[in-house]
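Participant: How does the following fold in three dimensions:
(chains A, B, C and D)
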Amino acid sequence: MTIFNADSFGEKVLRRFAGGTSRRGMLARIGVALVAAPVFPVLPVSRASAAKPDRSPEAKTVFARTAQTTDDTKCTYWRYCAIDGALCTCSGGGIHSCPPGAEPSPVSWVGTCINPDDGKAYLIAYRDCCGKSFANKCNCDGADRETQIYTQQLNNDIIWCFGVKNMEYHCSTAVLVGAA
Amino acid sequence: MTIFNADSFGEKVLRRFAGGTSRRGMLARIGVALVAAPVFPVLPVSRASAAKPDRSPEAKTVFARTAQTTDDTKCTYWRYCAIDGALCTCSGGGIHSCPPGAEPSPVSWVGTCINPDDGKAYLIAYRDCCGKSFANKCNCDGADRETQIYTQQLNNDIIWCFGVKNMEYHCSTAVLVGAA
Amino acid sequence: MKSAAQFQFPGSGLSAAVRLACATALGALALTATPALAGPASVEPEESGTTTLAAPKPSWAYLSRGFVLPGTAIYDTSTGKYLAQIEVPILGDLAIDPEGKHYYVAETAWTRRLHGTRQDYVSVYDAATLKLEGDIDMPGRMLVGGREHNFVLSADGKTGYVYNFSPVSSVNILDLAKRKFVKSFELPGCADLIPNTAVGLAALCSDGSIAAINLTGGKVDITRSEPFFSATADPIFDNVQYDKAKNEVVMITYTGLIYTAKLGAKPTASTPFSIQEAAGLRKGETKPLDLNWYPGGRDQPIALHRASGHLYVLMHKGEFWSQKNGGEEIWDVDLAAHKVVKRMVIKGHPSVINVTQESAPKLTLVAEGDGDGEGAGLAGTFTVIDAATGEIKHTVSDAGSGLIQTLP
Amino acid sequence: MKSAAQFQFPGSGLSAAVRLACATALGALALTATPALAGPASVEPEESGTTTLAAPKPSWAYLSRGFVLPGTAIYDTSTGKYLAQIEVPILGDLAIDPEGKHYYVAETAWTRRLHGTRQDYVSVYDAATLKLEGDIDMPGRMLVGGREHNFVLSADGKTGYVYNFSPVSSVNILDLAKRKFVKSFELPGCADLIPNTAVGLAALCSDGSIAAINLTGGKVDITRSEPFFSATADPIFDNVQYDKAKNEVVMITYTGLIYTAKLGAKPTASTPFSIQEAAGLRKGETKPLDLNWYPGGRDQPIALHRASGHLYVLMHKGEFWSQKNGGEEIWDVDLAAHKVVKRMVIKGHPSVINVTQESAPKLTLVAEGDGDGEGAGLAGTFTVIDAATGEIKHTVSDAGSGLIQTLP
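Facilitator: Model prediction:
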C-alpha cells in the first residue's frame, strides 16, 4: 500500500486543518481516503533526485548554483527556486508570513531547493497570501522542477488560494517544510 | 431671466433623453426647473472669452498655438484641448464614436477649443465611453479652461458615465457640439 | 447667501441628463446671460455612437493584456490595427464561437470586488457589437492565467467545457445554445481540456497519459492512453495544439520531444522526435550543466499551422528547467518530415507565440520587455511576422503580455 | 486505464486542504512509495502566519497606487520602508480614523465586475490587522480619482461624509460608531467637503464662495460666504488644506493666490496674497503668453504643515492653464509672513506633494516619470525629502502615482 506523505503538503497545515490532531491521526484519515479509492492510479512521486540525492555542483540547476542565503527580498534567494509571483518579503510580510490583511492559503505548490550553505535539499511550500490586490513588488518566476497544471501541486501559475475567504492573489511566501 | 444654454451640455443628447422632443420644448422644460428655483444662484458663465472672442495668436493658449487638425490619435489634435483620458480613436472607436461594446455617456464635461484651420472656437463635449475596462491607449490630459469638481461640467477628472449600465471608464471622445 | 438643501426639483420625473442640467445650472455654471437660441450653431452637432466589428477573421489575433490590465485586445494582423477590446478579466478565459457569432468569457467575480459572494459564470458577448447578452452561471473554475485549455468549445460551438479545480479536479459542461449549465463531473489526475470529436473531450494526465472523456452516454467514461511521458521529469507544455480536422493533438516536452496523439475513444501517442535532432543538433537532456536549445515561454511556446502541418516553437539557449524563458529563435518544424526547416532569430525574448490559420500564415509574438512595468503586463510588445519570410510586418508596443488566441 | 468520474470521497466532511491532498493523491503526485514517517524531518517546519501593523504614526505616508493598480501602500517616511497595502480600489477614497483604530474605504462595485448591480459602501478595516470588519452601505458616491475631500471624517472620527454626484450633487452622512448610513442631503453647486468644527461641514462652491453646512439641527442649513474667487477664470485647487486646530482652510488658485478661510457658521475668506509676489516675483496672470511660475500637479499641488504654518507648493514654469503640470520646484511659504522662505529644485516633475505633521516635517512626492507605463500608474516614483534641508531621504521606484495622505 502506498501511504500519503504529508510533508509534501506541509504537514503542519494539514494538522491545523484537522483541528490539532496528531500527524499520525492525520495520516490515518488521509490513508482511509486513499484506501477507499484503489481504482485510482497512485503512483510514486519522481520528485527530482528523491531517491539518492546528488548535491554536487554538477547536479545543481542554474538557479541552485547562483542562489544566495542572505537577502530574501531578491529572486536569487535559495528558497525561491520554484516561486512565481510577488515576494511577500517586499510587501510587508516575511519569508513565511503574509502581509497584514492577507490570509495564507492552507494548501500550496511545492518545490525542492538546495541551500547553498549546507548543500542540502529542502522541501519548500510556496504558500500564497490571499484576499488582497496583487502586490506587484519583487516579482520572481522560478522554474526548478516546476511542471504543468495536470500536476497541480508542482505548478506555480495556479492561484493557490483555497480555503480562504477570497482567492485574490496578493503575494507568495516560501515556507520551509523539512529536508527533502 | 437667465435661460439655460443647452449647447453647453450637448443639445442633441438632451433631446434624445427627452424622447425626441424639440430643442425648444427641451429648453422650456429646463426653463421650468430654473424658474422654479429662483433662490439658487444662477450666474452667467464666464466661459473663456465667451463675449468677444479674441482668436489672435496672442490670445491662444499653448495648446491652441500648437494644435493640429490632421491626426485625431494624437494628444495635440485641436479638439483635445481639455480632454483627460484614453483616446477612443486609438481604441477601436472614432472622434465621436465609442469602440464596440462601450456606451457613450449622454452627459459630459465640455471644453472650448480653437480650430487652427479657421481660427474659430468650438464647443466640444468630451463624452466618455463606458462599461468596459480602461483602454489605456493614447492617454492625454488637456487642461484648457479645465476647472475643479465644484464646477463639475468643466472638470475632466470625473468619470463622466451617467445614465449608462455600468460606469467603468473605457475611453473618451471629443464631440463637436457647435460654434462657441 | 443661504439656501435650503432640501429643495426638490419640480421636474424630478426628468431623466438623469436633464437633472444634471438642472443641478449644475442651479450650481451656477454653463449658463449664459445671453438669450438662448441667439443664433443657430454654425456647425451641425455630431451624433455620438458606437462602432461595430466585422465577423471574426482568420487574420485576427486576440491578445490578453495579462495580469494587471483586464481586457483582450483584437488586432488585425494584416494591418496591425487594434480593433477593439473584449471584456476578459484578469484570469478570465476567452473562447471564440466557431460560427463567429459570439465570444464567450469564463470568469470569476466576488460581489464586492475582494469580498462578498463568489460567482463563476460564462459571459456571452455578441461578436459584432461586443454587447453582453447574458451570463451562464456554473459551480466554479480554476484560477490561473495564460492557459488555452481551461475553457474549450465543442467543434460545433454548442457545448462549452470549463475546467475547475476547487482543489478537486472537475469539469463543468455548459449548453451554449440554451445558455445553461448542464452538469459537472470529476476528473481526477487530469487537466488541459482538448476537444475530441465524436467522443467529447480529452485531457492530459499526471501519470503521463492522455485521457479520452466520453460524454456521449449518461455516464462519463474516462479512458486513458498508455503513459508515454513523465509529468515531473519532462513535462508536456499545457498549451498543446489541437487539429480539429484530424482530431489530433501536437505536443512538446520541456526537453523538446514532439509528440502527436490521435484522439478518439482511446487516444494513442506517436513515437516522439527530438526538435534538436530535427535541426541536426543533439537531443535535449534533463540533466544540469548541459547547454542546449530548449523550447520555452511563460505561457505559449508552440503554435501549429494546421493546414501545412508546421509547428512553430520558441527556442532559447540554456540548461534544463528554463522552460519559462522567452525565445531567441523561432524554429519552424515540418511535422511530417520531422525536420526543422527554418530558424528565425527574434528580439526581446518573446514568451508567447501563435500563428494565424491563413494559407499564408503570420506568426504573432508577445514579449514583455525589460523596461519599467516588467512583470506588470504593461510593457508587452506585440509583433506580427510573415511565417514564410520571417519579415516583421507590424510591431505594437504597450500591447499586453498574455496569451494570443486565433480563430479555432 | 478506466475510471469512474462519479467517485465521491468517503471523507467528504474533510476540509478543503485535506480534500486537495486526497484529490491530488488520487491524481497521482506528491506521494512516495517509501513508508510515511520514515524519519522525522531534520528541520522544524515553519508556521505560516500574518503580520500586523503598529498604530498609525505621523511619519507614515499613505500612497494610492493610482488608476491601474488597486491598493494604497503605507510607507514609513522615517525608514522608507513599505509596510502594507490597504485595499483601496481604483477610484476608492481612504479616510484614516483620528483614533488610529480603523481605516475606512469608500468604494463602488458592481456585483459582477463590469455588470450586475451597483453597490456603494464604506468598508471598515482594523488598523492593526487590516482585516475587513464590515461594510456600511450608502446610496452612492462620486467616481473620480485623486481627491482628498470626497470622503472626510468629523474631528472625533465618529461621523463620515461621502460626496455623491449622481449627477445631482449630494452628501451621505454615515454613523461610523454604529456603522450605519444616516441620511443624505442635496448640496447644489458645491463640492469638496471640509470638516467644520461645531457646525458639521464646509464645501467649495461654483459661485466662488465657501458654504458652511450646519448639521447640528434637524434641518440641513447651508450658509455661503461672500464669493471671493472665480470658479472658472482662476479656480481654487480641490485639494485644499484643512487645519483642525484653527478650523481654517488654506487654498491656492491656478494663478497662485493663497487664501485662508476661517470656517464656522459663516465662513470668511482672507484677502489673498500672490505666491509669486511672496517670492519677490511678479504676480501670476490668466492671460496666454505670460510666462511665469505657476502652482500645479495632477492631483495634489499643495501641502500644509499645520503646526508651523508652512505651505509647500509644487511650482512649474509655464503659461496659464498648465494647472496639471508637475513641479520643478517646491516653494516653502511662511503663511503668517506671506513669504516664500525657500525654493527647492526637484526632479521628475512630481504631480503630488504632501507633508508629514511631525515637528521635523518630511515632504513626500510622487512623480509618474516618462518611461514605459506612463499614464498607467505603474512607473511612479515616491520620494521623501527633509523639509528643512531639502535633502532626499528615500526614493522608491514603481511605487504608484496617486494621492498621498498622512495622519489627519
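
Participant: what element comes up after the lowest-mean-pLDDT helix or strand in chain A heading to the C-terminus?
Facilitator: Across the helices and strands of chain A, mean pLDDT, DSSP states H and E gives its lowest value to helix A:23-35, namely a mean of 28. Sequence order places helix A:62-66 as the next helix or strand after helix A:23-35, per DSSP states H and E.

Participant: Identify each buried residue in stretch C:141-158, please.
Facilitator: The neighbour-count check on stretch C:141-158 (16 or more other Cβ atoms under 10 Å in any protein chain shown) flags C:141-154, C:157 as buried. In this view, the C-beta of every residue, glycine as well, is placed from N, C-alpha and C.

Participant: Out of those residues, which comes closest to chain B?
Facilitator: Distance to chain B, by Cβ to the nearest Cβ, is smallest for C:Gly145 among the buried residues of stretch C:141-158, at 15.8 Å.

Participant: my guess is the closest one meets C:Gly402, correct?
Facilitator: Yes. Using Cβ atoms under 8 Å, C:Gly145 is in contact with C:Gly402, at 6.7 Å.

Participant: Point out where the chain drops to low pLDDT.
Facilitator: You didn't say which chain, so I picked chain A. Residue ranges of chain A with pLDDT under 70: A:1-55, A:57-58.

Participant: Can you look at chain C instead?
Facilitator: In chain C, residues with pLDDT under 70: C:1-42, C:369-379.

Participant: Could I get the full set of helices for it?
Facilitator: C:16-27, C:275-278 (DSSP state H).

Participant: May I have the beta-bridge partners of residue 120?
Facilitator: Picking chain A for this. Beta-bridge pairing for A:Lys120 (DSSP bridges): A:Asn115.

Participant: look at chain C instead
Facilitator: Bridge pairing for C:Asp120 - DSSP bridges - gives C:Thr108, C:Met138.

Participant: need the contact list for it.
Facilitator: Going by Cβ atoms under 8 Å, 6 or more residues apart in numbering or on different chains, C:Asp120 touches C:106-108, C:137-141, C:162, C:164.

Participant: Mind putting these into JSON lines with distance to D:Thr255?
Facilitator: What follows is the contacts of C:Asp120, written out as JSON lines (distance: Cβ to Cβ, whole Å):
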{"residue": "C:Ala106", "distance to D:Thr255": "54"}
{"residue": "C:Glu107", "distance to D:Thr255": "49"}
{"residue": "C:Thr108", "distance to D:Thr255": "51"}
{"residue": "C:Asp137", "distance to D:Thr255": "57"}
{"residue": "C:Met138", "distance to D:Thr255": "59"}
{"residue": "C:Pro139", "distance to D:Thr255": "61"}
{"residue": "C:Gly140", "distance to D:Thr255": "58"}
{"residue": "C:Arg141", "distance to D:Thr255": "56"}
{"residue": "C:Val162", "distance to D:Thr255": "59"}
{"residue": "C:Asn164", "distance to D:Thr255": "61"}
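
Participant: tell me which of these is nearest to B:Ala125?
Facilitator: C:Glu107 (33.3 Å; Cβ to Cβ).

Participant: wait, what's in contact with the spatially closest residue to the closest one that is not a sequence neighbour?
Facilitator: Distance criterion Cβ to Cβ, 6 or more residues apart in numbering or on different chains; nearest residue to C:Glu107, sequence neighbours excluded, is C:Gly92 at 4.1 Å. By Cβ under 8 Å, 6+ apart, C:Gly92 lies in contact with C:70, C:105-108.

Participant: Stretch C:87-106: which residues count as buried?
Facilitator: Buried residues in stretch C:87-106 (16+ other Cβ under 10 Å): C:87-98, C:100, C:102-106.

Participant: what do you get for stretch C:110-127?
Facilitator: The neighbour-count check on stretch C:110-127 (16+ other Cβ under 10 Å) flags C:110-116, C:119-127 as buried.

Participant: For C:Asp97, list the residues it contacts.
Facilitator: By Cβ under 8 Å, 6+ apart, the residues touching C:Asp97 are C:103-104, C:127, C:153, C:157, C:176.

Participant: Can you flag which of those belong to strands?
Facilitator: In strands, judged by DSSP state E, the following of these are found: C:103-104, C:153.

Participant: May I see these organised as JSON lines, with distance to B:Ile158 added?
Facilitator: Below are the ones in strands among the contacts of C:Asp97 laid out as JSON lines (distance: Cβ to Cβ, whole Å):
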{"residue": "C:Tyr103", "distance to B:Ile158": "31"}
{"residue": "C:Tyr104", "distance to B:Ile158": "34"}
{"residue": "C:Leu153", "distance to B:Ile158": "41"}
